[in-house]
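Chemist: below is the structure, and that's it, no one-letter string:
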Ligand code: SF4
């Protein structure tokens, strides 16, 4: 109803055979009276339909309502009377209850009726002209839609895996294999605290203590993110080096692509990260050997890269041979 003459924005060419069509109109839902201007990217048939309406318009002045005012109330009443009457009964249609009926409710009911039949999700997607099936899933409130289900499953696996990883590192700690990296001290202190709970003779019951330990480790696992060559313990966004470098200090997730684990206070390196660093050091060394002496800047950068990789490897090796006694000392 809000579409006006002139609402068809010029199509944009976004690449070979890729055209974006937009219609300008107003958002009214949730806005103050009259709504606010906005634009929608639409499929080509919707755009062509608006163009056709403009061509058929009696007085196509820019800004004139494209369709004019219309009301469906009376049509919906006729529909209900027909469905609930003898014609609808003869066709075996379910009577429409005596509650308010609107266009939106009708569309939603139709979508649900379609989607909840075998193979109906795709039929509903096709009929409603949604571009992605995820939109249809949201529209018909299909519980456990494919996307939501997959996401929930992935999150569950991720959480289980993280708890398992923290347990492994905790056992390593107990055997004297320490983490390395800028965040190592913090993680070691945390493990020492957990270990203290186990060995605390004042703990009332071992079972209670076990539960407490699992809680502590699970809590820690929630902030664990896996980097290619490090663990990221994302406990405090303001300390995340990647977020500082990206200029987004309040983000709620680390930016793995900008991770500099050798310098970030939330990063740790562990034994199984060693091969990644070793391979990196080896490759950098090969590049250094191949690079000409005239390329000083590249040489300096590669040398710094190599030195950093060596430092990380040495720290991982040193942490592996340290034992709790040395650490306590
Ligand atoms: S720099 Fe790396 S370790 Fe630090 S917060 Fe970002 S991703 Fe995590």
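Modeler: Done, it's in. Quantities reported herein were computed from a predicted structural model and do not represent experimental measurements. Numbering: from 1, shown residues only.
Chemist: just the helices in the stretch 1-150 of the chain please.
Modeler: For the stretch 1-150 of the chain, the helices defined by DSSP state H, counting those that start in this stretch occupy 44-56, 73-84, 86-90, 103-115, 120-128, 133-139, 146-174.
Chemist: export those to CSV and tack on mean neighbour count?
Modeler: Backbone N, C-alpha and C define where each C-beta goes, glycine included. Below are the helices of the stretch 1-150 of the chain laid out as CSV (neighbours: other CB atoms under 10 Å):
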stretch, mean neighbour count
helix 44-56, 14
helix 73-84, 13
helix 86-90, 11
helix 103-115, 15
helix 120-128, 17
helix 133-139, 18
helix 146-174, 14
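Chemist: any idea which of those helices scores lowest on pLDDT?
Modeler: Mean pLDDT per stretch puts helix 133-139 lowest among these, at a mean of 78.
Chemist: which strands and helices lie in contact with that helix?
Modeler: Using 3 or more CB pairs under 8 Å, 6 or more residues apart in numbering; DSSP states H and E as the contact definition, the elements that helix 133-139 packs against are helix 103-115, helix 120-128, helix 146-174.
Chemist: is it true that residue 53 touches residue 68?
Modeler: No. Using CB atoms under 8 Å, residue 53 is not in contact with residue 68; the gap is 10.4 Å.
Chemist: run through the chain and note the low-pLDDT ranges.
Modeler: Low-confidence segments of the chain (pLDDT under 70): 141-151, 199-210, 322-329.
Chemist: domain assignment for it?
Modeler: Annotated domains of the chain cover 8-56, 73-146, 153-328 [automatic domain parsing].
Chemist: just put the helices of the stretch 1-150 of the chain in TSV and tack on distance to the ligand.
Modeler: TSV is the format used below for these (distance: least, CB to the nearest ligand atom, whole Å):
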stretch	distance to the ligand
helix 44-56	42
helix 73-84	55
helix 86-90	62
helix 103-115	40
helix 120-128	38
helix 133-139	28
helix 146-174	14
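Chemist: what residues does this structure have near the ligand?
Modeler: By CB under 6 Å from any ligand atom, the residues of the chain that approach the ligand are 227, 232, 234, 240-242, 254-256, 259-261, 264, 266-267.
Chemist: strands - which of these land there?
Modeler: 232, 267 (DSSP state E).
Chemist: select only the buried ones of the residues of the chain next to the ligand in ChimeraX?
Modeler: Here is the ChimeraX command that selects the buried residues among the residues of the chain next to the ligand (16 or more other CB atoms under 10 Å):
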select :227,232,234,240,241,242,254,259,261,264,266,267
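Chemist: of all the residues of the chain next to the ligand, which two lie farthest apart?
Modeler: The distance between the two most remote of the residues of the chain next to the ligand (CB to CB) is 14.3 Å, for 234 and 260.
Chemist: now the angle from the longest strand belonging to the chain to helix 44-56?
Modeler: In the chain, with assignment by DSSP E, the single longest strand is strand 18-27. Between the axis of strand 18-27 and that of helix 44-56 there is an angle of 60 degrees, by axes from the mean of the first three to the mean of the last three CA atoms, to 10 degrees.
Chemist: just checking: what are the partner strands of strand 18-27?
Modeler: Using DSSP bridges, the strands paired with strand 18-27 are strand 8-15 (antiparallel), strand 36-42 (antiparallel).
Chemist: just put the ones you listed in TSV and tack on distance to residue 218 and mean neighbour count.
Modeler: Shown next, in TSV, are the strands paired with strand 18-27 (distance: least, CB to CB, whole Å; neighbours: other CB atoms under 10 Å):
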stretch	distance to residue 218	mean neighbour count
strand 8-15	46	11
strand 36-42	43	13
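Chemist: with distance to residue 88 as extra columns, can I get the ones you listed in JSON lines?
Modeler: Listed next are the strands paired with strand 18-27 as JSON lines, based on distance: least, CB to CB, whole Å:
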{"stretch": "strand 8-15", "distance to residue 88": "39"}
{"stretch": "strand 36-42", "distance to residue 88": "34"}
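Chemist: could you measure from residue 93 over to residue 108?
Modeler: To residue 108, residue 93 is 18 Å away according to CB to CB, to the nearest Å.
Chemist: just list the residues touching residue 248, thanks.
Modeler: residue 255 (CB atoms under 8 Å, 6 or more residues apart in numbering).
Chemist: how about it, secondary structure?
Modeler: The three-state label given to residue 248 by DSSP: H, G, I helix; E, B strand; the rest coil is coil.
Chemist: quick check: it vs the ligand, distance?
Modeler: From residue 248 across to the ligand, the span is 11 Å (CB to the nearest ligand atom, to the nearest Å).
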